[in-house]
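Q: here you go, sequence then predicted model.
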Amino acid sequence: MIGRKYLGLLAVPALLVQCQPTACAPPPTPVDTTPATIAPAVTTTSVAPPTTSAPTTTVPAPAYSFLFTDAAGRPARWDPCAAPITYEIDGRFGTSEELAAISAAIDAVSRASGHVFELVGVSATGVPARGTDAMVGYTESFTAAQIGEGRIEVEPGPQIVAGQATVKAGLAPDLRRLTLIHELAHVVGLGHVPDPRQVMFASARSPYLSEYAPGDLVGLGLVGAAQPCIVTGALRASDTADSATSPRTITWVD
């Protein structure tokens, strides 16, 4: 703080000296005894506005993963250069609404991955017909905590040649939708991730996602139809019932 400064009053005594007119010094110049006023200094203080930083959020990584990769790090996937992925719906369990939800979920994974799926029928036995690549359906036999499961068959490439996804019957529509698109992403090659913002998070959290999230979409693209053809001589179930090699079975429980 800069203090204020004031000049004091200067008292001048009267001169009584008599002298010759030419010898006397000129009278002293009157002194202004008015206190000087000094304007107070203006201190400008710049105060930066408070900054509000976004809360620090740790984003779990990665946002996608694969069910299986070979020694070269290549993920197992369906061959995009082969015929459409044929599938059946297991019609033993589920209401008409639940069966329609399967078709809607197939459309979602098809859009996200680019793979073309072809429905060949509704199974009354739960056993896929000869030449069918995948089976999707419901069951009433899961434990209270389980909502889905499935498997894929992987041959050298690594190439997925068959798959199955099963969802718990009787789920609420929003949880059913999440579970279906989660299981079908497994069928095309995705694994679980630690990021709860993705469909492929290992647990179902409310509010339930109804569409694939950004990390899911990246992963689905990496196992999708935009990838190169798989040239290994491996055969799909829809190509022949016999295969030159024994496929590796990858299973999961959700």
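A: Looks like it came in fine. Numbering: from 1, shown residues only.

Q: quick one, longest helix in this protein?
A: Using DSSP state H, we find that the single longest helix of the chain is helix 96-113.

Q: could you dump stretch 79-86 to PDB, C-alpha only?
A: Provided in PDB are the C-alpha atoms of stretch 79-86 (Å, rounded to 0.1, in the frame of the first residue of the first chain):
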ATOM      1  CA  ASP A  79     -13.700 -64.200 -43.400                       C
ATOM      2  CA  PRO A  80     -15.300 -61.200 -45.100                       C
ATOM      3  CA  CYS A  81     -14.700 -62.600 -48.500                       C
ATOM      4  CA  ALA A  82     -16.700 -65.800 -47.900                       C
ATOM      5  CA  ALA A  83     -20.500 -66.100 -48.200                       C
ATOM      6  CA  PRO A  84     -22.800 -64.400 -45.800                       C
ATOM      7  CA  ILE A  85     -22.800 -65.700 -42.200                       C
ATOM      8  CA  THR A  86     -25.900 -68.000 -42.000                       C
END
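
Q: circling back to that earlier point, what's the spacing between the longest helix of the chain and its chain's center?
A: 22 Å (CA atoms, centre = their mean, to the nearest Å).

Q: give the buried residues for that helix.
A: 98-99, 101-102, 105-106, 108-110, 112-113 (16 or more other CB atoms under 10 Å). Where C-beta positions appear, they are placed from N, C-alpha and C, glycine not excepted.

Q: following element in sequence after the longest strand along the chain, please.
A: Counting residues, the longest strand found in the chain (DSSP state E) is strand 159-168. Remark: after strand 159-168, the chain's next helix or strand is helix 173-187, criterion DSSP states H and E.
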